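Novice: Model the structure of this input:
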Amino acid sequence: MAAAAAPPPPASVPASDAPTPLTGNLHLSGTSRVDSVRVQDWTASGFTKVSGSVEVATGRVTGSLTVGGRLTASAISFSGSHRLDGDVQVGGPLRSDGTLRVAGLLSAGSAELAGSVVVGKSLQVAEDLRWSGMLEAGQDARAHRVFFRGRLAIPGTLAARSIVGEVDTLSTAGSIQADWVEIRRKKSIFDLPLFILPPRPWHELEVQRIEAAEVHLAGVRVRRLKADRIWLGPHTHAEYVEGTIVAQHKEAHVGPESESPPPPGLSR
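Specialist: Residues are numbered from 1 along each chain as shown. Down below sits the predicted model:
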């Protein structure tokens, strides 16, 4: 009887693919040009250009920054004018004050934004998204809770558990989805009945669809509104409504428009 074939030798165990832990500190100031950044703690001030990627645990950037590749961090803050040409992934808090332009996807654990923020693709925030100023996203914006004051331009969906905002200039969104939606337009001195003042600017949010459990709207123009409970404040127009209207202001309108809305810069 032939002897049993010997078992094959055990396969060699490949070296670990785990990345090398981040270590060290890097401080850049003045005018700096580097190929890439990969450190534990990174600070940059002045004019900084990184042609490749950035991977840090913590970062603090002031002045002007350009990154050609992907940026990943556990926590990072920006102050000044910055352009990031790849995706940005922040595991924890992201703070920005000034101008921030991200060409790709922007994701963060939480985000506190002031000034102007433009995201080429989607914005995804695990916890709270707060902004004051202008926020533009090329696709969707999603967070656990949203608080804003200023302008938004989101062609896709703005989705969160709750959305509370104040619009201070003409804003747009494809759709809004939340359990609780409360949006109003900012009051200004032009709302005072003084004939010596020029006509008030036109501030409102234009959105195709809103779906929520409860909505409170003022200065919102929505094509389709679906909610269990609805409060319609002044300067609100909903073309098609599905749900219970609990209260409707005398300056709120429900139904198809009979005339075109006034252009920006003119009062009703």
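
Novice: Please count neighbours and contacts with C-alpha atoms only from this point.
Specialist: Noted.

Novice: Residue ranges of each domain in this protein, please.
Specialist: Listed domain ranges for the chain are 44-117, 144-187+201-259 (source: automatic domain parsing).

Novice: Would you single out the least confident of the ones you listed?
Specialist: Least confidently modelled of these is domain 144-187+201-259, at a mean of 93 by mean pLDDT.

Novice: circling back to that earlier point, rebuild the domains of the chain as CSV, extending it with distance to Asn25 and mean neighbour count.
Specialist: Putting the domains of the chain into CSV (distance: least, CA to CA, whole Å; neighbours: other CA atoms under 10 Å) gives the following:
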stretch, distance to Asn25, mean neighbour count
domain 44-117, 9, 20
domain 144-187+201-259, 33, 19
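
Novice: Relative to Gln124, which of those is closest?
Specialist: Checking those against Gln124 by CA to CA gives domain 44-117 as the closest, at 4.6 Å.

Novice: residue contacts, the residue lying closest to Ala252 once chain neighbours are set aside?
Specialist: Setting aside the residues directly before and after it, Ala252 is nearest to Thr236 in space (CA to CA, 6 or more residues apart in numbering), at 4.7 Å. When the contact criterion is CA atoms under 8 Å, 6 or more residues apart in numbering, the partners of Thr236 are Leu217, Ala218, Gly219, Val220, Arg221, Glu251, Ala252, His253.

Novice: measure Thr236 to Thr43 for me?
Specialist: In this structure, Thr236 and Thr43 are separated by 47 Å, where distance is defined by CA to CA, to the nearest Å.

Novice: again with Gly24
Specialist: 12 Å.

Novice: Also Asp87?
Specialist: Separation of Asp87 from Thr43 (CA to CA) stands at 20 Å.

Novice: Then Ile154?
Specialist: Distance of Ile154 to Thr43, computed by CA to CA: 32 Å.

Novice: Next: Ala213.
Specialist: With CA to CA as the criterion, Ala213 and Thr43 are 44 Å apart.

Novice: Also Val125?
Specialist: 24 Å.

Novice: The two: which has the busier surroundings?
Specialist: Each of Val125 and Thr43 had its neighbours counted (other CA atoms under 10 Å), and the higher figure belongs to Val125 (24 against 16).

Novice: so what pLDDT did the more buried one get?
Specialist: Looking at Val125 specifically, the model assigns a pLDDT of 98.

Novice: and if you look at the one 4 residues further on?
Specialist: Leu129 is assigned a pLDDT of 98 by the prediction.

Novice: Also Pro193?
Specialist: Confidence score, pLDDT, at Pro193: 50.

Novice: so is Pro19 in a helix, a strand, or just coil?
Specialist: Here Pro19 is coil, with the state taken from DSSP: H, G, I helix; E, B strand; the rest coil.

Novice: what's around it, how many residues?
Specialist: The number of residues packed around Pro19, counting by other CA under 10 Å, is 6.

Novice: Against Arg223, how distant is it?
Specialist: Using CA to CA, Pro19 is found at 50 Å from Arg223.

Novice: Quickly find the element holding Val207.
Specialist: Secondary structure from DSSP states H and E places Val207 in strand 205-217.

Novice: and for that strand, what are the contacting residues?
Specialist: Residues outside strand 205-217 that contact it (CA under 8 Å, 6+ apart): 167, 170-185, 219-233, 236.

Novice: OK, contacts around the residue nearest to Glu239 when sequence neighbours are not counted?
Specialist: In space, not counting the residues next to it along the chain, Glu239 is nearest to Gly255; the distance is 4.2 Å by CA to CA, 6+ apart. Applying CA under 8 Å, 6+ apart, one finds that Gly255 lies in contact with His237, Ala238, Glu239, Tyr240.

Novice: These in strands, which ones?
Specialist: Secondary structure of these is defined by DSSP state E; positions in strands are His237, Ala238, Glu239, Tyr240.
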